[in-house]
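Peer 1: sequence first, then the predicted structure:
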Amino acid sequence: MDRHGGAFSRRLSEAQSDPTGRRWLFIPYDQLNDRIGPLLREDPSELGIILIENPWKASRRPYHKQKLALVLSNLRHFALEQAARGVAVRHVVARGPYGETLKPLARELGGHGPVRVMVPAERELRTDLQPCLDAGYLESIPHEGWLTSRDQFLRSQKGTTWRMDSFYRLVRRESGILMENGKPVGGKFSFDVENRKSWNGDPPAPKLPRFKIDAIKEEVGELIEARFAEHPGELNLETIPTTRAQASRLWRWAKQHCLPSFGPFEDAMSTRSTGLFHTRISGLMNLHRILPGKVVTETAELDLPLPSKEGFIRQVLGWREFVHHVHEVTDGFRKLRDREPSVAAAPGDGGFSSWKGTKWTCHSAGRTRIDGGATPAFLGSDDPVPPAFWGKSSGLACLDRVVREVWSEGYGHHITRLMILCNLATLLDLSPRQLTDWFWIAYSDAYDWVVEPNVLGMGAFAVGDLMTTKPYVSGAAYINRMSDYCADCAFDPKKDCPITSLYWTFLDRHEERLSKNPRLRMQYNSLAKRTPARRRVDRDVYREVRERLQLGRRLTPGGLSTTR
């Protein structure tokens with residue numbers, strides 16, 4: 001994607017080895033590590049790798065500039081690292097789908113057998129490559145970055161619903177991680193109940209590391225600002241680790257400064273720190289620049305408080321692996337236990353076009369069998385993502401702050417994603433598919449196997465209780481308890497915050513579907529105690545908030561029914 005003569009092209013050319021007689025691998029953008037697969041076991045002097053930069057893929061959705069920079073700069077540095085090992089590197093720029101680009105390359109390079117590829121994590125890429133696999137140009141081999149098997153997932157589940165805790169317990173037992181004499185260290189598998197403290201500033205949140213902007217990264221930044229100028233989000237190259245050494249440095253920082261306090265404050269939110277004690281390694285881990293197996297093994301060996309150690313391992317060995325299996329088993333939620341949801345014909349832009357006022361054109365439409373994803377909506381929600389998710393002020397301090405941070409950093413930890421963004425989206429009946437596309441676009445660590453289970457499955461409750469027991473929704477009290485957001489808000493969480501009315505009228509509106517859920521029995525008992533007059537006010541607040549946010553108007557305390 002850079003012109004010939006750029007820093008990357010020059011350095012790669014200088015480091016190249018003779019490609020003659022090599023066995024070739026295609027390395028997708030999310031497998032950038034030589035400690036897994038054939039790159040680990042086979043002689044570098046006998047191997048060649050194909051790396052593809054793909055502006056066609058980058059233009060499929062209006063991805064955050066920070067995400068584009070993370071992927072592209074890591075791919076380029078991985079190319080240089082492999083060339084330095086003696087691996088022959090064939091670096092190409094695609095003009096269309098990956099399969100179209102690989103077909104002639106595989107014909108050219110396949111003299112010593114078909115080009116091999118570890119099974120890509122993203123369904124979109126697997127679909128793109130399938131014609132090459134069917135024709136024999138590519139050979140699929142197992143992806144060695146995952147820590148668990150589909151067999152383990154299926155053996156852990158009973159009945160028609162899937163639960164992470166059952167999967168996690170089985171994997172802990174069979175792996176021996178945090179186990180002693182067949183029992184969990186500390187006497188229980190999860191310390192989640194102990195990890196729900198709010199944060200008052202003590203201990204101080206760690207200062208984020210900064211990473212050198214070398215010639216490769218600088219070139220990537222210039223390319224993105226030139227070629228992808230219409231994409232949203234701020235670009236801050238100093239925050240992006242790109243080399244193997246920088247990835248290792250981020251993980252060392254996380255172990256030293258984040259993990260000791262991770263557990264107690266993993267659900268906390270604050271205006272004073274966007275990440276608190278979250279490690280920020282998810283973007284690199286999803287590219288496999290940092291290997292999940294290394295993360296789990298080294299965390300288990302650290303001298304840490306057990307709630308922090310177990311809580312972090314559960315995120316990686318438990319939830320991350322669980323959502324990957326759910327996504328694969330359901331074929332991206334296209335195949336559910338009782339139905340096959342409709343599928344969008346083309347990629348969605350998460351509301352970008354409505355916010356920007358100009359239509360986002362997906363240049364990939366019609367060139368592959370790749371669709372826009374399944375569209376389940378258990379609750380029937382279908383409102384568009386409003387301009388507030390793109391930076392237009394809503395008047396709700398919690399929403400406005402989190403959205404600002406996302407478009408600034410391409411990052412947010414799991415509670416701001418779940419209990420601010422998904423919570424409000426669910427209370428407002430936003431389209432689960434469009435919300436999922438928004439997450440896919442906005443976050444640097446987002447891929448289909450990540451966002452579809454986390455947003456369609458969990459955050460928006462779009463597949464019902466298939467993988468979670470209840471909708472994750474709350475009123476203002478929870479946000480006030482777990483954050484300091486409300487202190488800067490025009491609304492008072494105890495008096496007039498509309499989020500509380502949104503919560504109650506959500507339960508009211510969806511009573512037929514949700515009231516029999518045993519996890520919501522207490523909430524529906526409380527709803528029954530609200531007077532008819534109060535319920536009418538709740539419904540009025542929902543109608544007014546929904547209307548104003550869709551129009552891009554700011555909410556004010558004096559203008560809502562809750563204050564009358």
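Peer 2: Structure's in. What do you need?
Peer 1: list the buried ones in stretch 68-87?
Peer 2: Neighbour-count burial for stretch 68-87 flags 68-83, 87 (criterion: 16 or more other C-beta atoms under 10 Å). All C-beta spots, glycine's among them, are computed from the backbone N, C-alpha and C.
Peer 1: out of the residues you listed, which are inside helices?
Peer 2: Of those, the ones assigned to helices by DSSP state H are 68-83.
Peer 1: how about stretch 328-342: buried residues?
Peer 2: 328, 330, 332-334, 336, 341.
Peer 1: and if you look at stretch 55-72?
Peer 2: Buried residues in stretch 55-72, counted by 16+ other C-beta under 10 Å: 55-72.
Peer 1: ditto for stretch 15-23
Peer 2: Neighbour counts over stretch 15-23 (16+ other C-beta under 10 Å) mark 15, 17, 22-23 as buried.
Peer 1: export the residues you listed as CSV, with columns for pLDDT, distance to G145 and secondary structure.
Peer 2: Converted to CSV, these look like this (pLDDT from 0 to 100; distance: C-beta to C-beta, whole Å; DSSP: H, G, I helix; E, B strand; the rest coil):
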residue, pLDDT, distance to G145, secondary structure
A15, 96, 25, helix
S17, 94, 25, coil
R22, 95, 23, coil
R23, 95, 20, strand
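Peer 1: okay, those in TSV with distance to R513 next?
Peer 2: TSV is the format used below for the buried residues of stretch 15-23 (distance: C-beta to C-beta, whole Å):
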residue	distance to R513
A15	59
S17	61
R22	57
R23	54
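Peer 1: domain ranges for this structure, per the record?
Peer 2: Listed by automatic domain parsing, the domain ranges of the chain are 7-141, 150-329, 378-563.
Peer 1: about what we covered before: farthest-separated two in the ones in helices among the buried residues of stretch 68-87?
Peer 2: By the measure C-beta to C-beta, L68 and A83 form the most distant pair in these, at 22.9 Å.
Peer 1: pull the contacting residues for the residue nearest the centre of the chain.
Peer 2: In the chain, the C-alpha nearest the mean C-alpha coordinate belongs to A446, at 3.3 Å (C-alpha atoms, centre = their mean). By C-beta atoms under 8 Å, 6 or more residues apart in numbering, the contact set of A446 is 67, 439-440.
Peer 1: ok, T505 next?
Peer 2: Applying C-beta under 8 Å, 6+ apart to T505 gives the contacts 535, 538-539, 541-542.
Peer 1: quick check: it is in a helix.
Peer 2: Yes. Assessed with DSSP: H, G, I helix; E, B strand; the rest coil, T505 lies in a helix.
Peer 1: how about it, nearest residue that isn't a chain neighbour?
Peer 2: Excluding its sequence neighbours, the residue lying closest to T505 (C-beta to C-beta, 6 or more residues apart in numbering) is D538, at 4.0 Å.
Peer 1: now I281. Its backbone dihedrals?
Peer 2: The phi/psi pair for I281 (degrees, to the nearest 10) reads phi -90, psi 0.
Peer 1: shouldn't L147 be in contact with V295?
Peer 2: No. The pair L147 / V295 is not scored as a contact, 9.5 Å apart, by C-beta atoms under 8 Å.
Peer 1: between these two, what contacts are shared?
Peer 2: In contact with both L147 and V295: V316, using C-beta under 8 Å, 6+ apart.
Peer 1: those two: which has the busier surroundings?
Peer 2: Set L147 next to V295 and count neighbours by other C-beta atoms under 10 Å: V295 wins out with 23 against 20.
Peer 1: low-scoring stretches of the protein, by residue?
Peer 2: In the predicted model, the chain carries pLDDT under 70 at residues 1-5, 363-367, 562-564.
Peer 1: quick one: E321 from E194, how far?
Peer 2: For E321, the distance to E194 equals 23 Å [C-beta to C-beta, to the nearest Å].
Peer 1: quick one on the thing from earlier: and which of the buried residues of stretch 15-23 is nearest W253?
Peer 2: Taking C-beta to C-beta as the measure, W253 lies nearest A15 of the buried residues of stretch 15-23, at 28.8 Å.
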